[in-house]
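Peer 1: Sharing a model prediction with you, sequence too.
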Amino acid sequence: MKLRHLGALALAAAFLSPAAGLAAGMDKAKACFIYVGPIGDFGWSYQHDQGRLSVEKALGDKVETAYLENVPEGADGERAIERFARSGCNIIFTTSFGFMDATNKAAAKFPDVKFEHATGYKREHPNVATYDSRFYQGRYVIGQIAAKVSKTGTAGYIGSFPIPEVVQGINAFMLGAQSVNPDFKVKVVWVNSWFDPGKEADAAKSLFDQGVDVLAQHTDSTAAMQVAAERGLHAFGQASDMIKFGPKTQLTAIVDEWAPYYIERVQAVLDGTWEQQATWDGMEDGTVVMAPFTNMPDDVKAMAEKTTASITDGSFHPFTGPIKKQDGSVWLKEGEVAEDGVLAGMNFYVEGIDDKLPQ
Amino acid sequence: MFDMAQAIALTIIAASTPLLLAAIGELVVERSGVLNLGVEGMMIVGAAAGFAGAQLTGSAYAGILFALAAGGVLSMLFALLVLFFATNQVATGLSITLLGIGIAGLLGQGFVGVPGVKLDAIAIPLLSEIPLLGPLLFRHDLLVYLSIALVAGTWYLLARTRLGLTIRAVGDNHASAHAIGYNVLAVRCLAILFGGICAGLAGGYLSLVYTPQWVEGMSAGRGWIAVALVVFAGWRPLRALAGAYLFGAVLILQFHAQAAGVGIPSQFLSALPYIATIVVLVVISASRRSASGAAPACLGQPFVP
Amino acid sequence: MWLRLERRSGRSAWMALLSPAAAFALTLVTGAVLFLALGKDPVAGLYFFFVEPVTVAWSLEEVLVKMTPLALIAAGLAVCFAASVWNIGAEGQFILGAIAGSFWPVVLPDLQGPLILPLMLLSGILGGALFASLPALFRVRFGANEILTSLMLVYVAELFLDWLVRGPWRNPAGLNFPETRPFHDWASMPVIGADRLNIGFLAALAVCLLLAFALSRTFTGFGLRLSGTAPQAARFAGISRNGTIYLVMALSGGLAGLAGAMEVAGPIGQLRTQISPGYGFTAIIVAFLARLNPAGAILAAFVLSVTFIGGESAQIAIGVSDKITRVFQGILLFYVLTCDVFILHRLRWVRPVRRLAGGS
């Protein structure tokens, strides 16, 4: 036998032996999910649960899933995560930033269990991975649509909290709008909550009363969409497709599609190939999906589809220079693309936004 | 400019209505001497039942009936404990709130993520055509008109009718009222029922008009604000109206302040309604000290005949 | 012919013992019915809710961890309520205590050493006590109802915490997320037990027993109780109502603040926007379940914590929703309140009595 065949054979033997790899594969895995809100929020937690259901559908008998909803961050969260770790879960997804320390603490105690923390940045042990989604890509698209569709040239934006993820969204929205109409304006109000339908409705009404005619939100309920529907104006859905709440109102929605990532990671546990990583997927990986473009003229729809396609195939990045910060200084030069690190800590507005970012 | 003011006023009216409905009910309850801290629970079961009812029957008006019935039923449970068993009213009210939140969550489980049936605005013919004030005052849904009617009715009842006198007597001095021959428990029971129905209506307003959907915890503490409003109003219906609208205004104007670029931290703006309540409570109580006292003297005291 | 509630001539001693047991039994029965109505196996449901948490070692430790802040706050509230001062704002006092305690590791992180933890806890007590003095002040000086003022201050406290943690106290190395820097090791509660139970548990037990003793055996304690049940008599005895109000509010606020400081020094390890899943409000329930007896707060906090832990367990095991936990707690409180009535009252059938004309 030639040497290289021998080498190939040895290599193959090494891969086939159970001692190879960090962990052996398994026939059946238990995947567990911790949600910070109710799965009935029709927003953030709902979409994560849809991801869980997709895992069940895709992997059938090879996977068993479990979930806990309405888990508060803090001591209760720590307990919930540990409870799952003790009850035979092989992989645990903790779907809120506030579970970061609890996830890492549990990972230290249960080295054989894999932990996946959404939107976090600490990976203190080899069995912790973090994952996030480039929602800002969708924001760019809806910004473009907003600028085309708006008659008053001003959009309203319901913000939750001034954290980097939300600021990325506002900036991307503005950049998208400016690419169509450089004088486009956006009014941002902060409701200081991720999910509060009453307050979101109040905020939506106030924005409309101020004269905006298209609404975007970074909060999770469908209340704002309903207000827009009532007033015959336009809005964008968030986290899930909200067309049911505004059949003639919703232009599109940025849908959080966690299924591809969840299926991939659970499959990795089954195959024994799970490794620590920090993932920031986006349209190109299928985790940010735009709901069907509706209630808009055909040329706007075509533009939106083209932009979406160019982001999806990687040929366009929403944060590509020349871009100036709100204070006038240059942030990105012509053709320069923003670094992930800067985006992750984003705490400034781009030029053209009049509001002050709460610091 | 005027259009914007009108639009804002309409939004404020909508925000104030659930507060007003719950507060006017609680006002009557407290006037009869019972402190009902279960308003939040009654409100949220009203919201859940109202939404469920509207979905099942396809009519938002039917939903209103379900809402007020749910509030009424829960209030009767409250009445059983505090009137018949003479339990501590504070504790019982809190347990009703707890129970109400749990039951509402269970009731509403099948209805999450479902767009609701909304109550339409009813334009009163002729009156709503008046320029400027017409659309502002006369183009609302049934519950807004009802809230105003309830305020007027309650004012008339308490100030001008025999039943009102009885309620006030029972609230101010239940021992004497009993000696005169009034049935203290029956009067209080009626008052509690009225309070429960109003709280249920307030909840129904939330899930049928304000944000036509059901989500857990959608009452978001409004029941507590209603309780505060009653004290703020000095237990007087017309002042409750003013108070509710003031609160609604603060709730809405905080967003306008933000949008206008007023540089106050948004948390402070969000805290304003609560700080305002405290300030007003203190001021009102201080000025009442010297006067003949505003709170019904027997508020919160159990009565065993 | 109808049923009437009638006052007994004294206290029924055996009813005092039977009442909590009866309430618990009734809760179990109602719970079983509820499970049946939801289509779940009642035996399994009750097992996961009430038996599993106390028979599995890990679950039991979790119950103890959860009950620590509850028992501590409830003991203070029990004293407060016994004096008929209704502090509904313990949640806000908890938050202010946590903020006050966090001052040291957040603003002066270079100050380290074994004195830091006691300093934090002391600051927590002070913070909570001062915050609770506000409703006391409004009540004493202006006659404003403390239920409402203390409640409104909860919202103010929550928003103040939010502003602090997003603004001046935000971790400069934390990527703009709303939380403070993690506390250094001197600012942590020492752990006992397997891994999550800390000395706070022992402190809570000690406080409950101490307060129970003080309430029932000292003159101050007697004065408080008298002021609560018979204010006129207390006044004649020279017990100042205003002083009582300040004392019990500061006490309950201080204990809530202590619990807050212990929570951020313990399980959380930093200050962030959400530090309490409603301990302050749940402790009110515990206080009533304990029938306003600080020693009873230990058992009541235990039982309530069991329902929390059990509820979580039941969610996973039999797929029942988490709202059931609240329903259970509401029902339990209901029955306790009702059964307690029979300590001082009894039910009696009465016939309508024909009134004699002319009165005599």
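Peer 2: That came through fine.

Peer 1: C-alpha from now on. contacts and neighbour counts both.
Peer 2: Will do.

Peer 1: Just the buried residues of stretch A:277-289, please?
Peer 2: Applying a neighbour-count criterion of 16 or more other Cα atoms under 10 Å in any protein chain shown, one finds A:278, A:280-289 buried in stretch A:277-289.

Peer 1: And the residues you listed, which is closest to A:Val227?
Peer 2: A:Val289 (24.0 Å; Cα to Cα).

Peer 1: Tell me the confidence at whichever residue of the stretch 51-200 of chain C sits closest to chain B?
Peer 2: Going by Cα to the nearest Cα, chain B is nearest to C:Phe142 of the stretch 51-200 of chain C, at 4.4 Å. For C:Phe142, the pLDDT comes out at 86.

Peer 1: From chain B, how far off is the residue of the stretch 101-250 of chain A found nearest chain C?
Peer 2: Residue nearest to chain C within the stretch 101-250 of chain A (Cα to the nearest Cα): A:Ile163, separated by 5.8 Å. According to Cα to the nearest Cα, to the nearest Å, A:Ile163 stands 14 Å off from chain B.

Peer 1: Any idea how many residues pack against that residue?
Peer 2: 20 (other Cα atoms under 10 Å in any protein chain shown).

Peer 1: got it, and A:Asp61?
Peer 2: Around A:Asp61 there are 11 residues (other Cα under 10 Å).

Peer 1: pretty sure A:Pro247 is in a helix, no?
Peer 2: No - going by DSSP: H, G, I helix; E, B strand; the rest coil, the assignment for A:Pro247 is coil, not a helix.

Peer 1: name the element the closest residue to it other than its chain neighbours belongs to?
Peer 2: In this structure, A:Pro247 finds its nearest non-sequential neighbour in A:Ala229, 8.0 Å apart by Cα to Cα, 6 or more residues apart in numbering or on different chains. In the assignment (DSSP states H and E), A:Ala229 maps to helix A:223-231.

Peer 1: could you say what helices and strands the helix or strand that that helix is followed by packs with?
Peer 2: Using DSSP H and E, the helix or strand that follows helix A:223-231 in sequence is strand A:234-239. With contacts taken as 3 or more Cα pairs under 8 Å, 6 or more residues apart in numbering or on different chains; DSSP states H and E, strand A:234-239 sits against strand A:214-217, helix A:223-231, strand A:250-256.

Peer 1: Would you mind giving the secondary structure of A:Trp331?
Peer 2: A:Trp331 - assigned by three-state DSSP - is strand.

Peer 1: Would you mind confirming that it makes contact with A:Lys324?
Peer 2: Yes - the pair A:Trp331 / A:Lys324 is scored as a contact, 5.1 Å apart, by Cα atoms under 8 Å.

Peer 1: Return the residues of the stretch 151-300 of chain C in contact with chain A.
Peer 2: Contact residues (Cα under 8 Å from any Cα of the partner chain) of the stretch 151-300 of chain C with chain A: C:166-167, C:175-178, C:267-268, C:274-277.

Peer 1: per-residue confidence for C:Asn171?
Peer 2: Value for C:Asn171, per-residue pLDDT: 87.

Peer 1: how near is it to C:Leu164?
Peer 2: 11 Å (Cα to Cα, to the nearest Å).

Peer 1: Ok, B:Ile197 next?
Peer 2: Taken as Cα to Cα, the span from B:Ile197 to C:Leu164 is 41 Å.

Peer 1: B:Val82 too?
Peer 2: Taken as Cα to Cα, the span from B:Val82 to C:Leu164 is 42 Å.

Peer 1: again, but for A:Trp331
Peer 2: 29 Å.

Peer 1: Which stretches in the stretch 1-150 of chain B count as helices?
Peer 2: For the stretch 1-150 of chain B, applying DSSP state H, counting those that start in this stretch gives helices covering B:2-31, B:39-57, B:60-79, B:89-107, B:133-138, B:142-160.

Peer 1: buried residues in the third one?
Peer 2: Judged by neighbour count using 16+ other Cα under 10 Å, the buried positions of helix B:60-79 are B:60-76, B:78-79.

Peer 1: Could you do the longest one as well?
Peer 2: Of the residues in helix B:2-31, those buried by neighbour count under the rule 16+ other Cα under 10 Å are B:6-31.

Peer 1: So is stretch C:325-344 next to chain B?
Peer 2: Yes - counting by Cα under 8 Å from any Cα, chain B has neighbours in stretch C:325-344: C:325-331, C:333-334, C:337-338, C:341.

Peer 1: Which of the residues you listed fall within helices?
Peer 2: C:325-331, C:333-334, C:337-338, C:341 (DSSP state H).

Peer 1: tell me which of the residues you listed is nearest to C:Ala32?
Peer 2: Among those, C:Phe328 lies closest to C:Ala32 (Cα to Cα), at 10.5 Å.

Peer 1: The residue nearest to the closest one when sequence neighbours are not counted and B:Leu77, how far apart?
Peer 2: Using Cα to Cα, 6+ apart and skipping the chain neighbours, the partner closest in space to C:Phe328 is C:Gly31 (6.9 Å). C:Gly31 sits 17 Å away from B:Leu77, going by Cα to Cα.

Peer 1: which stretches of the chain have low pLDDT?
Peer 2: Using chain A. A:1-24, A:359 (pLDDT under 70).

Peer 1: let's do chain C instead
Peer 2: Along chain C, segments meeting pLDDT under 70 span C:1, C:354-360.

Peer 1: change it to 80
Peer 2: Counting by pLDDT under 80, the ranges of chain C that qualify are C:1-5, C:7, C:9-12, C:16-17, C:174-177, C:193-195, C:321-322, C:350-360.

Peer 1: quick one, what contacts the residue in it that chain A sits nearest to?
Peer 2: As assessed by Cα to the nearest Cα, chain A sits closest to C:Leu175 within chain C, at 4.7 Å. Neighbour list for C:Leu175: A:164, A:344-346 [criterion: Cα atoms under 8 Å, 6 or more residues apart in numbering or on different chains].

Peer 1: so who does residue 97 touch?
Peer 2: In the absence of a named chain, chain A is used. Here A:Phe97 is in contact with A:117-120 (Cα under 8 Å, 6+ apart).

Peer 1: Chain B, not that one
Peer 2: B:Thr97 touches B:37-42, counting by Cα under 8 Å, 6+ apart.

Peer 1: give me every residue that touches the closest residue to A:Asp196 other than its chain neighbours.
Peer 2: Distances taken as Cα to Cα, 6+ apart put A:Ser221 closest to A:Asp196, at 6.9 Å, once the chain neighbours are dropped. Counting by Cα under 8 Å, 6+ apart, A:Ser221 touches A:41-43, A:195-197, A:200.
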